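Enquirer: Pasting the sequence and the predicted model now:
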Amino acid sequence: MKKFYERLKYKFDQFLSLGTIALVLSLFLAMFLIVSLIGVIIYIINPNLGLGNLIWVSFMQTLDPGNLSGEQGSFVYMIMMTLATIVGIFLTSLFISFILNGFQNRLEKLSRGRSKVIEKNHTLILGWDDNIYVILNELIEANKSIKKPVIVILSDIDSVEMNQKLRDNISQKFNTKIICRTGSIYKNEDLDMCNIVDAKSIIINENDMNTIKSLLVVVNSDFYTKSEGHICALMYDECNIQVAKNIGKEKLEVVCLSSAITRIITQTCLQPGLSYIYNELLEFRGDEIYFYHNEEVIGRTFAEVVLMFNNAVVIGVKSNGKIHINPKNDFVINKTDDLILICEDEDTATINTEQPTINIKAIHSAKRKTSIKKANIFVIGFNPKTVSVIKEFNNYLANGSRIKILVNSETYINELENLDAELDKLNIEICVGDTFSRDVLEKYVPQDNENIIIFANENVCFKDRDSQTLLTLLHLRDMEEEYSVKYDIITEIADVKNSEIIDLAKVDDFIISELMANKMLAQISENRYLQGIFNHLLSDEGSEIYLKPISDYVDIKEPLDFYTLVQAATLKGEVAIGYKLIREKGLPIIKLNPNKSDNVTYNDLDSLIVISED
């Protein structure tokens, strides 16, 4: 009997654990039993009243305790009705309590971000760190022309905290709906909660190890059973990329932070203003890269197509799934090919049916000049990217180039000396001293050294790195004024949050590694084919972005339209995408995708921005 009671109690406890519905059903069962019992007791004492009628009266008395004032009968009858009234008050209170508790639990579940997402065609972000705001701002900008866009974020952070952080750091969401869900990015049930199967793309926003763990789960989800959709991930160590690709297969697009930023820093150092161009191309504001299809260009050569747009720049062709940046002039556009444009929006790109008037007489016929030359570069500060950038310089500089490095510790000397032995084109000189000291800078920085790179020191507390970098930069700017020299300074910023401070410092070129990489990540999440374009432009092989003297292309004695510059670049096997103007006051003026029909007066200091093989 004891075991039967324990089993019955266990089953009842299991039933109650099902939640509010089980509690309410239990309450109704208890009410039915009590009402029936009261009715039976009264019926035994006075069978003339009828069992069914007595049960009904008892039930009504339980539901409405106010009915007791109008009841009349024997003493036992009144006692039973009073008992029914007391039971009714008790049960009604419990019923109200259970309902309120059920609503409260439901609201808490919603606030904890554990409800099922039913949105479709959404962008799913797995993970959370300070870089997420860069990704979200870019996606919000990209979604302005889309109807009811949705971004879903899954993280182990409480959804209430995530929503508060979004309110503090995202100024405008415009038409984009952001949904936060709390859970593990390593659990299939939590991924299903975010409706992963109907997501258009997935962004994994974690460190390398967590990214690989998350990929192992995602590849076993329903997302991988459909043909469309892709995954984007940012990897910090190049050694981990192949492992990630082996897991993610054809659906995965990987952005390698170290290799991408290394090449951007290297190219920007040799060509001041290039970081602005990359920032422009990597964000959804202003001009960006689009794929464009139009039957009017079918059968035409690439040299003809580049002159057909007044408000867009043609930089390449996507043919049979392959990316061709700056193809040969005789490359013929087929019916399945897409043009690769730089424009404000793909919907605004229009073909000019009229043949533009080109000032042929102003175009110089000389062959393309190489951009490889000797250079003296001064490097300040040390972190892992410093070594990678110096190695990359070996691919861009001529023999006999010199790199002078100022580090804040002698512990780096052996590593740099070993690096010097590996390089065949560069000579390295090492100096040791405080990288943000004015006296040290005046001692080691040559006044004839035009190219300077400031790296954030790795052996300094993270929160102080950018402070030291900014102080170094301000000293150099003051030295420029004092000694009447001009330095082309590239500044690496470690923390994304300090970008606004750098803007106030009016820096010509600065690199925020994770900012640029996450902008690239957001772009690829919207169009995976952009990965091939970025890889091409950032490679030391093939065509890249260069700033070359505009006087090498045209006679600048008179104002010229951009059609003429485009034709001048085309004759040299290059694609003109914009220009850089140097004026006496203010920062340089860099313009991508200018209106081709506008006439502009140039000088010897101005540059043409081209995509060229060297």
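Expert: Happy to help now that I have it. Numbering: from 1, shown residues only.
Enquirer: tell me the SS of Arg402?
Expert: strand (DSSP: H, G, I helix; E, B strand; the rest coil).
Enquirer: Ends of stretch 167-186, what's the gap?
Expert: Terminal residues of stretch 167-186 are spaced 27 Å apart (Cα to Cα, to the nearest Å).
Enquirer: Report the buried residues of it.
Expert: Within stretch 167-186, the residues scored as buried using 16 or more other Cβ atoms under 10 Å are Lys173, Thr176, Ile178, Ile179, Cys180, Arg181, Thr182, Gly183, Ile185. In this view, the C-beta of every residue, glycine as well, is placed from N, C-alpha and C.
Enquirer: quick one: which of the residues you listed is nearest Leu474?
Expert: Using Cβ to Cβ, Lys173 comes nearest to Leu474 of the buried residues of stretch 167-186, at 36.2 Å.
Enquirer: Just to be sure, the closest one is in a strand?
Expert: No - under three-state DSSP, Lys173 sits outside any strand and is assigned coil.
Enquirer: check which helix or strand covers the most centrally placed residue in the chain.
Expert: A centroid search over the chain (Cα atoms, centre = their mean) returns Ile135, at 2.5 Å, as the residue closest to the centre. Take DSSP states H and E as the rule and Ile135 turns out to sit in helix 132-142.
Enquirer: where's that helix relative to the chain centroid, distance-wise?
Expert: 6 Å (Cα atoms, centre = their mean, to the nearest Å).
Enquirer: other SSEs contacting it?
Expert: strand 123-126, strand 150-155, helix 513-526 (3 or more Cβ pairs under 8 Å, 6 or more residues apart in numbering; DSSP states H and E).
Enquirer: how about 10 Å then?
Expert: When contacts are defined as 3 or more Cβ pairs under 10 Å, 6 or more residues apart in numbering; DSSP states H and E, helix 132-142 packs onto strand 123-126, strand 150-155, helix 159-169, strand 177-182, strand 201-204, helix 513-526.
Enquirer: quick one: the helices in the stretch 451-600 of the chain?
Expert: Secondary structure of the stretch 451-600 of the chain (DSSP state H, counting those that start in this stretch): helices at 462-483, 499-504, 513-526, 530-537, 562-571.
Enquirer: closest to Thr350 out of those helices?
Expert: helix 562-571 (15.1 Å).
Enquirer: and that closest one, what does it pack onto?
Expert: Other elements packing on helix 562-571 under the criterion 3+ Cβ pairs under 10 Å, 6+ apart are helix 302-305, strand 313-319, strand 575-581, strand 599-600, strand 607-612.
Enquirer: Nearest to Asp198 among those would be which one?
Expert: Between these, strand 313-319 lies closest to Asp198; by Cβ to Cβ that is 26.9 Å.
Enquirer: Rounded mean pLDDT for that closest one, please.
Expert: Regarding strand 313-319, the rounded mean pLDDT is 95.
Enquirer: Which pLDDT value belongs to the closest residue to Ile55 other than its chain neighbours?
Expert: Counting by Cβ to Cβ, 6 or more residues apart in numbering, Gly39 is the residue found nearest to Ile55 once chain neighbours are left out, at 3.5 Å. Each residue has a pLDDT score; the one for Gly39 is 70.
Enquirer: how deep is Gly39 tucked in, by neighbour count?
Expert: Counted with other Cβ atoms under 10 Å, the neighbours of Gly39 add up to 23.
Enquirer: Counting by contacts, list what the helix or strand hosting it packs against.
Expert: Taking DSSP H and E as the definition, Gly39 sits inside helix 20-45. Here helix 20-45 touches helix 2-16, helix 51-63, helix 75-111, going by 3+ Cβ pairs under 10 Å, 6+ apart.
Enquirer: now with 6 Å?
Expert: Judged by 3 or more Cβ pairs under 6 Å, 6 or more residues apart in numbering; DSSP states H and E, helix 20-45 is in contact with helix 51-63, helix 75-111.
Enquirer: Now do the strands in the stretch 201-350 of the chain.
Expert: Taking DSSP state E, counting those that start in this stretch, the strands of the stretch 201-350 of the chain run over residues 201-204, 230-235, 252-256, 288-292, 313-319, 322-325, 338-343.
Enquirer: Would you mind saying which of those lies nearest Val440?
Expert: Closest approach to Val440 among these (Cβ to Cβ): strand 252-256, 33.9 Å.
Enquirer: neighbouring contacts of the closest one?
Expert: Identification of contacts with strand 252-256 by Cβ atoms under 6 Å, 6 or more residues apart in numbering yields 230-235, 238, 241, 244, 517, 520-521, 524, 528, 531.
Enquirer: just stretch 391-403 next, same as before
Expert: Contacts to stretch 391-403, defined as Cβ under 6 Å, 6+ apart, come from residues 262, 266, 372-377, 423, 425-428, 540.
Enquirer: Would you mind checking which of those residues is nearest to Ile44?
Expert: Closest approach between the contacts of stretch 391-403 and Ile44, by Cβ to Cβ: Thr262, at 93.8 Å.
Enquirer: Give the closest residue to the closest one in space, chain neighbours not counted.
Expert: Nearest non-adjacent residue to Thr262, counting by Cβ to Cβ, 6+ apart: Ser388, 4.3 Å away.
Enquirer: can you tell me the helix or strand for the one you found?
Expert: Assigned by DSSP H and E, Ser388 falls within helix 384-396.
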